[in-house]
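*Asks:* build me a model from this:
(chains A, B, C and D)
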Number of protein chains: 2
Amino acid sequence: MADSSRRPTLADVAARVGVSAKTVSRVLNEDGPASAATRAKVLAAVEELGFRPNLMARNMRVGARDSTVALVVPEMGNPFFGTVAGGVEDVVRDRGLTLLMGSSAEDEQAELSLITAFLARRISGLLVVPATGSHHRYLRRERDGGLPVVFLDRPAAGLAADAVVSENEEGARAGVAHLIAHGHRRIAFIGDRPATLYTRKMRQRGYRAALTAAGIPYDPTLVASAHDPYTAGVAVRRLLDSPSPPTAVFAGNNLASLGVVAALAETGRRDIALVCFDDLPLAAVLEPGLTVVAQDPAAIGRAAAERVLARLGGDRSGARTVKVPVRVIERGSGELAPPH
Amino acid sequence: MADSSRRPTLADVAARVGVSAKTVSRVLNEDGPASAATRAKVLAAVEELGFRPNLMARNMRVGARDSTVALVVPEMGNPFFGTVAGGVEDVVRDRGLTLLMGSSAEDEQAELSLITAFLARRISGLLVVPATGSHHRYLRRERDGGLPVVFLDRPAAGLAADAVVSENEEGARAGVAHLIAHGHRRIAFIGDRPATLYTRKMRQRGYRAALTAAGIPYDPTLVASAHDPYTAGVAVRRLLDSPSPPTAVFAGNNLASLGVVAALAETGRRDIALVCFDDLPLAAVLEPGLTVVAQDPAAIGRAAAERVLARLGGDRSGARTVKVPVRVIERGSGELAPPH
DNA sequence: TTGTAGGCGTTATCAC
DNA sequence: GTGATAACGCCTACAA
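*Replies:* Here you go, the predicted model:
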């Protein structure tokens, strides 16, 4: 019985069988030749001792990166990022890569230490949904050294790198144009917080573009910020109680949408038209159904993972930004006409 | 200029400064003493070369496990598991551990190779939502060797190990009793698939217990299986079209619930009472609001992570199963009376 | 078919 | 304060 406080190593297995460590290695990796007898004895000893190869040691010797791809998201709980992660994993799993994942809690410092920890593990690829306000100049050297670095949902600041984002501006513009087409001229925008957030800016830009195209003046009093349902609800109520209230609302993200829908339901305002950016479960079951600009988070994850694999495969072309299409799904709430 | 195809090592930094590798190591780890001058020069060189410590090498030398905790879930996209993961991460992050995550796709083989890959990385803890039909005898040696192994949502098969689960039976019993209290006697059960799944069995047991307690005979024709919304919808429609249809439905998981809610809405059956296991976003906004037996997935994740930390801290007590409370949230759909 | 020497990047030990 | 040496577990290169 070997010292149970230590994990068995190749050498332990070898000693037990009476061969060299190299022979055991050969059997396990199906490397060089090995006689059937030796093979059987080795496998038996491996089983008996509960030997598990040490991947850290192997990678170090081989000089290879660890076969992991790291993903940094701002919040794990948000189903949007969960679905993104699922998309990433679907793609990398097929290549034998495993997913290393952490949340920055939308905090610059946390993001930095998380990424540092990942880099220290010699990951094979890095996927980042950057936290607000963070920059990524320090990743330049890694990327130049051959580490695929891809940004998701939001582009990097201070680094020309691959990015995969939704059609934020186009989608918002289409959603707001949809409301305008149904006769609305006073349309509120409940956007992400902080207002400097990339997705917020792009979606608000789309909002303004749609207004401009229709000759409707931009009214800043119709714009509010919220990231959680509660704040969004408060914002909508305030807007509806104002002297010249909106007849329609465009909700700029999934959590804000939840708050807007709830607020409209609670106040019984079934006359307010609503289009939400990002789809929600049960959206089709509401009455009226929720008209949304649907994103495809799984596709974002997959596209980003594929960029990583392409880079790993030797693609040295310039940084590219992939835009994942969104689509307007009409379900009723966006087709309500304003009171005349 | 060093060979740019190779990452700089401690030795490279040392050579540049003109000290030994050990000195650099001392500075970086704030280990032994080091003069202010040396320290400054070392840090400058580290910065200049873009040196990053190699954690694999460090761990190997120190003989330490990697500071990661691995989590295996059956499906990444499911928001339930996403929230569980968030709970895990909240707890382990505070201890400087990072999360390694993968999906088994509810497949026994995939789960095994995933766990094998994790073990090869010398993880510090293992959290598993076991795939249907998988067993975990092979983890016994790992656990005995000091690796904390904790199961979530479903207990292990073939291994006495810590587990954290919801109050499945109690919750289902309470939910069904709620329907009975409102006058229902023909209550359908749309459970997880396959029927051998732990949560399915426990919830169905609670369903039967509630019936028995009320003296209502168990009618297998009222029981159906579904894991995705579509199948659940089909099942409900079929039940409602049957000769002696139910007056109430108990939906056994979040995805089935989506399908049941949609089917009831589409068929215009506003008279059917409904209680769902697991809460859903927008549940409160439906009309009537959705009465649910709410689980607390984040709490499940946190509790499991805390078990891991306790074991890491030296807790050698016997395997324990933690039950995370659920609670019935009345919102209307579960309080509908049957037609008399 | 099998074994030996050496080294991957880091740190523990002991010496200066 | 600092350095030389050996060792962690494994694999490559070469030899037998």
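*Asks:* what's the burial count for the residue of chain A found nearest chain B?
*Replies:* In chain A, the residue that lies nearest chain B is A:Gly82 (3.0 Å; C-beta to the nearest C-beta). Every C-beta, even on glycine, is put in place using the N, C-alpha and C of the backbone. Using other C-beta atoms under 10 Å in any protein chain shown, A:Gly82 is surrounded by 27 other residues.
*Asks:* now swap in A:Pro229 and tell me
*Replies:* A:Pro229 has 19 neighbours, counted by other C-beta under 10 Å.
*Asks:* hmm, back to that, quick one: the residue of chain A closest to chain B and B:Phe80 touch, right?
*Replies:* No. Taking contacts as C-beta atoms under 8 Å, A:Gly82 lies outside contact range of B:Phe80: 9.4 Å.
*Asks:* could you look up the SS state of A:Arg279?
*Replies:* Actually, residue A:279 is Asp. It isn't Arg. Following DSSP: H, G, I helix; E, B strand; the rest coil, we place A:Asp279 in the coil state.
*Asks:* tell me the spacing between it and DNA strand D.
*Replies:* Plainly put, A:Asp279 is 46 Å away from DNA strand D if you go by C-beta to the nearest atom of the strand, to the nearest Å.
*Asks:* what about the residue nearest to A:Val176 when sequence neighbours are not counted, how many neighbours?
*Replies:* Counting by C-beta to C-beta, 6 or more residues apart in numbering or on different chains, A:Ala210 is the residue found nearest to A:Val176 once chain neighbours are left out, at 3.7 Å. A count of neighbours around A:Ala210, defined by other C-beta under 10 Å, yields 23.
*Asks:* A:Ala210 falls within a strand, correct?
*Replies:* No. Counting by three-state DSSP, A:Ala210 is located in no strand; its state is helix.
*Asks:* tell me the pLDDT at it?
*Replies:* Note on A:Ala210: pLDDT of 98.
*Asks:* show me what contacts it?
*Replies:* The contact partners of A:Ala210, by C-beta atoms under 8 Å, 6 or more residues apart in numbering or on different chains, come to A:Ala172, A:Arg173, A:Ala174, A:Gly175, A:Val176, A:Ala177, A:Ile180.
*Asks:* near DNA strand C too, which of those residues?
*Replies:* Among the contacts of A:Ala210, no residue lies close to DNA strand C (C-beta under 7 Å from any atom of the strand).
*Asks:* so which of the residues you listed sit within helices?
*Replies:* Among these, DSSP state H puts A:Ala172, A:Arg173, A:Ala174, A:Gly175, A:Val176, A:Ala177, A:Ile180 in helices.
*Asks:* excluding its backbone neighbours, what's nearest A:Ala263?
*Replies:* Once flanking residues are discounted, A:Ala263 sits nearest to A:Gly233: 3.8 Å by C-beta to C-beta, 6+ apart.
*Asks:* any idea how far the one you found is from DNA strand C?
*Replies:* Between A:Gly233 and DNA strand C the distance is 51 Å, computed by C-beta to the nearest atom of the strand.
*Asks:* around chain B, pick out the residues from the stretch 151-300 of chain A.
*Replies:* Residues of the stretch 151-300 of chain A lying close to chain B by C-beta under 8 Å from any C-beta of the partner chain are A:258, A:261-262, A:265, A:280-287, A:298.
*Asks:* out of these, name the ones that lie in helices.
*Replies:* A:Leu258, A:Val261, A:Ala262, A:Ala265, A:Ala298.
*Asks:* OK, contacts around the third one?
*Replies:* Read that as A:Ala262. So A:Ala262 contacts A:Pro229, A:Gly233, B:Leu282, B:Ala284, B:Val285 (C-beta under 8 Å, 6+ apart).
*Asks:* could you dump the residues you listed into TSV with pLDDT added?
*Replies:* Formatted as TSV, the contacts of A:Ala262 follow (pLDDT from 0 to 100):
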residue	pLDDT
A:Pro229	95
A:Gly233	97
B:Leu282	93
B:Ala284	94
B:Val285	93
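*Asks:* ok, which pair from the residues you listed is furthest apart?
*Replies:* Across the contacts of A:Ala262, no pair lies farther apart than A:Gly233 and B:Leu282, at 13.1 Å, counting by C-beta to C-beta.
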